[in-house]
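**Q** okay, predicted coordinates and the sequence, questions at the end:
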Amino acid sequence: MFADIRGSTSIAEKVGPGEFANLLNRFYEVATKSLLLQNAIVDKMIGDEVMAFFIPAFEKETQVAAVRAAVAILRGVGYKSGKEPWLSVGIGINFGEAYVGKVGTGEVNDFTALGDTVNTAARLQSHAKAGEVVVSESVYSHVADGYPDVPREDIELRGKADSFGVHVISMVE
């Protein structure tokens, strides 16, 4: 899963670095609490984005947990509150095999998730508009009962040869 703030460059320009850091920390708090409640592993906070993954050994219904966390993040920044959200966020979720472990050498290394599944989740996030969770078919097939009648769309993903089937769960009122 990737959750990204929309328009962060213009926000940073308007509010200045100190206030922007405060805004990011508020977002990180909402995101990490939402993710940890669903047994996610918060991989990293990359500027205006949070990357997390779910491991079946920790959470049996990983796809359901990921969507629950995504919805909680969007609610946490104010979607479906009857007011304007205090932050615009888009989220992408994919499911599949990935390498999870240490990468790097010597003094500089990191624990992360890598592979096509992860890259695809990042690409799905880039297609999500503010207030949307873009999920792959493999995710939607596990959450369709909770989000019925969300139509399938075919989108082009950078670096992918074929179009990719997704479902867009919108939290925009």
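**A** Yes, it's here. Here the structure is a predicted model, which means the values were calculated and not measured.

**Q** element containing the residue nearest to Arg123 when sequence neighbours are not counted, please.
**A** Nearest non-adjacent residue to Arg123, counting by C-beta to C-beta, 6 or more residues apart in numbering: Leu157, 4.3 Å away. Where you see a C-beta, it was placed from the backbone N, CA and C, and this is true even at glycine. Leu157 belongs to no helix or strand when assigned by DSSP states H and E.

**Q** so, low pLDDT: which residues of the protein?
**A** Nowhere does the chain drop to pLDDT under 70.

**Q** how about the helices in this protein?
**A** Applying DSSP state H to the chain gives helices spanning 8-15, 17-36, 62-76, 116-127, 137-143.

**Q** mind giving me the packing neighbours of the fourth one?
**A** By that I understand helix 116-127. Under the contact criterion of 3 or more C-beta pairs under 8 Å, 6 or more residues apart in numbering; DSSP states H and E, helix 116-127 touches strand 2-5, strand 49-53, strand 89-93, strand 132-136, strand 164-170.

**Q** run through who's touching it.
**A** When contacts are defined by C-beta atoms under 8 Å, 6 or more residues apart in numbering, helix 116-127 is touched by residues 1-4, 49, 51, 53, 90-98, 134-136, 155, 157-160, 164, 166.

**Q** would you mind getting the angle between it and strand 89-93?
**A** Interaxial angle of helix 116-127 relative to strand 89-93 (axes from the mean of the first three to the mean of the last three C-alpha atoms, to 10 degrees): 150 degrees.
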